[in-house]
Structure formats: structure tokens, C-alpha cells
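*Asks:* structural data only, the sequence is not supplied:
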């Protein structure tokens, strides 16, 4: 095996873990669980509502974890679900949910924007391009396992 590539894999995995730890730290500082943060982030990123299926896709966590967070947010009267089309469900923020998101997720979003404001646009574009390229090529390798 190529030792240089093994070291690069370690670096990529360590950076990925470190980024996940930063998001976990954000959740702790905001006083919410990681799963609640993922759900509310997906809704905020889409406006004041979001298809449940989009939350599953965007959060990257299991359906069971998302559903547990959804139930908790419903019981706290921060969101409600509405039938959309067929079996699809739309998740909406309540007025209390909007206020809560403003105190939590909107602050996280602003922190992300502030971090990227320190980069040049070509750096941001290159980062996105390289992430997409790595994910695409890695995904095709995983499909061959």
C-alpha cells in the first residue's frame, strides 16, 4: 500500500472528525442535542418548513434519530407536521419554534457565514469542488465493495 496515501486518508478522516466535533460543540453551546440541531438546521436552511424526506437527506443521520428529534420538537411545540402529497409530510416551525431557531440555529448559520467570509471566493469554490470530487469517487469505490 502507498504510505503517502494512507497518511492522507488519516488526515482527511481526522479533519472530518474534527469538523463533526465542532458541530457537536456548537450544539452543546446552544443547549440542544446534535439530532435536534440537524433537524432544525435543515428546516432553517429551507425556510420555515421542510419536507421530512429532505431532513432525512440533509441531516445525514438515521431516520430513527430524526424521528426521535421530531417527536421531541413536536412535544416542545417547536414544530408541527402536516400531510403534504401522498405519504410525504411537511415539517413546519411554530411561532415558538421560529423564535427558538433565531436564538440557536440562526446563530450557527451566521458563524458558518462569518468563517467563510475569511476565505476568498475561489478558495470556497475549490473546497466545494474538491469535496464533491472526493465524495463522488469514494462513493463509487464503496459501491464496489
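*Replies:* Here it is on my side, so go on. Just so it is clear, the model here is predicted, and its values are computed rather than measured.
*Asks:* show me what secondary structure element comes after the strand or helix carrying residue 40.
*Replies:* Using DSSP states H and E, residue 40 sits within helix 34-46. Moving toward the C-terminus from helix 34-46, the next helix or strand (DSSP H and E) is strand 49-51.
*Asks:* who are the packing partners of the next helix or strand after that next one?
*Replies:* Note on strand 49-51: by DSSP H and E, the next helix or strand toward the C-terminus is helix 52-59. On a contact count with 3 or more C-beta pairs under 8 Å, 6 or more residues apart in numbering; DSSP states H and E, helix 52-59 meets helix 34-46, helix 63-75, strand 89-93. C-beta: built from backbone N, CA, C; applies to glycine.
*Asks:* centre of the chain to helix 52-59, how far?
*Replies:* On the basis of C-alpha atoms, centre = their mean, to the nearest Å, helix 52-59 sits 9 Å off its chain's mean C-alpha point.
*Asks:* swap in stretch 64-83?
*Replies:* 16 Å.
*Asks:* contacts only, for residue 36.
*Replies:* 27, 69, 72, 73 (C-beta atoms under 8 Å, 6 or more residues apart in numbering).
*Asks:* comparing the helices and strands packed on helix 52-59, which comes out most buried?
*Replies:* The highest mean neighbour count among the helices and strands packed on helix 52-59, using mean count of other C-beta atoms under 10 Å, belongs to helix 34-46: a mean of 22.
*Asks:* gap between the residue nearest to the spatial centre of the chain and residue 105?
*Replies:* By C-alpha atoms, centre = their mean, the chain has its centre lying nearest to residue 59, at 4.4 Å. Distance check for residue 59 against residue 105: by C-beta to C-beta, to the nearest Å, it reads 13 Å.
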